[in-house]
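Sequence plus the predicted model coming up.
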Amino acid sequence: MVLVVGCAGVASSVEAPEPAPTEHAVETAAATIWEGVYTTEQAGRGQQVALSICVECHSVSEWRGPGFIRLWEGRRVGDLYERICRTMPQNDPGRLIPQECADVVAYMLSLQDVPTGERQRELPSDLEVLDAIFITPTENQ
C-alpha cells in the first residue's frame with residue numbers, strides 16, 4: 001500500500017503495482033548449467049579473452065573434461081565467476097570487467113559440452129542470477 005498525497009493535500013491510498021520482471025528473471029529459474037544458460041556468441045567472446053589473457057598461465061585442457069566438473073561440482077556458477085573476477089589474471093587480479101568474466105565462464109561451460117540456451121540469453125554478470133545456477137556433472141542432477 002502506498003500513500004499518495006494529491007495537490008490539495010488530500011491523502012488517498014493506492015495499491016502499488018508489482019515490479020516488472022527483470023531481463024534476467026527467467027534465468028534465475030535455471031537450476032543447473034544444463035538448462036541453457038549462455039549463448040554460442042558469448043562463449044566465442046570468452047574464448048577470445050581466454051586465448052589472449054588466460055593462456056599465459058593456464059592451459060585450456062584445465063577447463064575441459066570431467067576433472068573440471070568434479071572440481072566445481074555442487075558449487076554455484078557465481079562461485080566460478082567470482083573466482084575469475086577477483087583473482088584473474090594472476091599477474092593483475094581484477095583486471096577483467098564483469099562481462100569478460102561472464103564470457104569466460106560461458107567459454108568454460110562450452111568446453112564441457114554444456115548446451116547453449118534455446119532462449120538465446122547470455123550468462124549475465126549479475127551475481128544473484130549466477131548464484132541460482134549450479135554446476136552438476138550431468139543434466140539429470
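Thanks, I have the structure now.

which residues does Ala50 contact?
By CB atoms under 8 Å, 6 or more residues apart in numbering, the contact set of Ala50 is 58, 60, 63, 104, 107. Every C-beta, even on glycine, is put in place using the N, C-alpha and C of the backbone.

What is the burial count for the fourth one?
Residues within reach of Val104, counting by other CB atoms under 10 Å, total 28.

looking at the protein, which helix or strand is least sure?
Lowest mean confidence among the helices and strands of the chain (mean pLDDT, DSSP states H and E): strand 2-5, at a mean of 38.

just to revisit the earlier point, restricted to helices, list the contacts of Ala50.
104, 107 (DSSP state H).

So which of the contacts of Ala50 is the closest to Gly46?
Nearest to Gly46 out of the contacts of Ala50 is Tyr107 (CB to CB; 2.9 Å).

what's the closest non-adjacent residue to the closest one?
Gly46 (2.9 Å; CB to CB, 6 or more residues apart in numbering).

which stretches of this protein form strands?
Listed in chain order, the strands of the chain (DSSP state E) span 2-5, 11-14.

And the average pLDDT for stretch 81-100 is what?
For stretch 81-100, mean pLDDT is 96.

and Arg119, how far is that from Tyr38?
According to CB to CB, to the nearest Å, Arg119 and Tyr38 sit 11 Å apart.

neighbour-wise, which of these two wins?
The neighbour comparison of Arg119 against Tyr38 (other CB under 10 Å) goes to Tyr38, with 28 against 10.

Local confidence estimate at the more buried one?
For Tyr38, pLDDT reads 96.

and it, backbone torsions?
Main-chain dihedrals, Tyr38, degrees, to the nearest 10: phi -150, psi 170.

I'd guessed it sits against Gln120; true?
No - if you go by CB atoms under 8 Å, Tyr38 and Gln120 don't touch, sitting 9.7 Å apart.

Low-confidence bits of the protein, can you list those?
Flagging of the chain using pLDDT under 70 yields the residue ranges 1-30, 140-141.
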